[in-house]
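Fold the following for me, if possible:
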Amino acid sequence: MQTEPILEARDLTKHFVAGGAMSRQTVKAVQNVSIKLFPGKVTAVVGESGSGKSTVVRMLARLIEPTSGQMFFKQHNVLEDKGRRTLLSYRGQVQIIFQDPFSSLNPVHRVGYVLQRPLRIHHIANQKRQIQQRVHDLLQQVSLIPAADYAVKYPHQLSGGQRQRVAIARALAVEPKVILADEPVSMLDVSIRLGILNLMAKLRDEQRIAFLYVTHDIASARYFADELLVMYAGHAVEGGDTESLLQDPLHPYTQLLISAVPDPARGLRTAEIKIKGEIPSLTAVGDGCPFADRCPHVLPKCREAMPPATVLPGKRWVRCYLFDGK
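Residues are numbered from 1 along each chain as shown. Model prediction:
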């Protein structure tokens, strides 16, 4: 079993500049986030909207460049070489599935063309018959059967779940080692979400693809993910294996998230942790813990500096002064 991550990010940071010349502000979208992805494993990133989850995905996909930090693919620092050929090779091995299947597919092209394009760009297949066979194989792989019928359809002729399956097939076309799934089921009907998650789980097991699964749905993360990373206001605040983290959340923010999850055994339950306030503006995040103003256990030093990552038994870690030194 491989012990080295296939994709690793160390202290990724991304700042955006917003406003005009007279009112510029720095948006601290992501602050010093580290993450490791392993073949055949799923790491889920959870948190509220605006916590920086999608920005992390876009940096890992190299759609945007980080302000600082390092990224290693197969132990090679990919940010050191910015050449076009190197970038194309990287994107061929690290693919992304976008949240919205209604806008991620070009409406003027048939499904067959959508799947042919990455095959040609990355020279996976060149001959017409070979390309057609590969397109049909991809559609069958994502359970769009009969493949020949789906290949000639336009995106508007497909349901949301079918469009997302096409998006997954497009990602698979270049035989990637890593798939970054940015809330891939959040815009789909509840009745078809499980089918998409099961499809990705099958790909994880059969092809040993490393998945980064971004979601605000803790229930789906528990079902699909091996590891969990909790983000708040651009910071990673807690991480560990999914089951132990959800059974025993340590960070007050993680406890807040889990307390608000509906419990099927008891019906829709009221949050057990009463915390006021909203996620802070990313232009006003200071040097301390961003959750300090909402935390019921806040200490004076919480407002002064971000807590270090405290590693705990069971490969758990948390950024909270309540556990500092344990």
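
can you map out the strands along the stretch 101-250 of the chain?
Ranges of strands in the stretch 101-250 of the chain, per DSSP state E, counting those that start in this stretch, are 178-182, 210-215, 227-232, 235-241.

Those strands into TSV, with extra columns for mean neighbour count, distance to Lys301 and mean pLDDT?
C-beta: built from backbone N, CA, C; applies to glycine. Converted to TSV, those look like this (neighbours: other CB atoms under 10 Å; distance: least, CB to CB, whole Å; pLDDT from 0 to 100):
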stretch	mean neighbour count	distance to Lys301	mean pLDDT
strand 178-182	25	35	96
strand 210-215	25	31	96
strand 227-232	25	18	96
strand 235-241	23	16	95
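
between those strands, which gets nearest to Pro249?
Across the strands of the stretch 101-250 of the chain, the minimum distance to Pro249, taken as CB to CB, is reached by strand 235-241, at 7.2 Å.

picking up where we left off before, format the strands of the stretch 101-250 of the chain as CSV; extra columns: distance to Ser103.
Converted to CSV, those look like this (distance: least, CB to CB, whole Å):
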stretch, distance to Ser103
strand 178-182, 13
strand 210-215, 17
strand 227-232, 24
strand 235-241, 28
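
what's the closest of these to Gly50?
When those are ranked by proximity to Gly50, the top entry is strand 227-232, at 9.6 Å, counting by CB to CB.

outside of the closest one, which residues touch it?
Residues from elsewhere that reach strand 227-232 (CB atoms under 8 Å, 6 or more residues apart in numbering): 33, 35, 41-48, 51-53, 56, 221, 236-242, 245-246, 251, 253-254, 257, 279, 290-291.

could you dump that strand to CSV, C-alpha only?
Coordinates of each C-alpha in strand 227-232 appear next as CSV, following Å, rounded to 0.1, in the frame of the first residue of the first chain:
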residue,chain,number,x,y,z
GLU,A,227,-10.5,11.5,5.9
LEU,A,228,-12.2,14.8,6.8
LEU,A,229,-10.8,18.4,6.8
VAL,A,230,-12.9,21.1,8.4
MET,A,231,-12.5,24.7,7.2
TYR,A,232,-13.6,28.0,8.7
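
In the sheet, which strands lie alongside it, parallel or antiparallel?
Strand 227-232 sits in its sheet next to strand 42-46 (parallel), strand 235-241 (antiparallel), going by DSSP bridges.

now it against strand 210-215, angle please.
Orientation note: strand 227-232 sits at an angle of 40 degrees relative to strand 210-215 (axes from the mean of the first three to the mean of the last three CA atoms, to 10 degrees).

doesn't Val27 fall inside a strand?
Yes. Assessed with DSSP: H, G, I helix; E, B strand; the rest coil, Val27 lies in a strand.

All set now, cheers.
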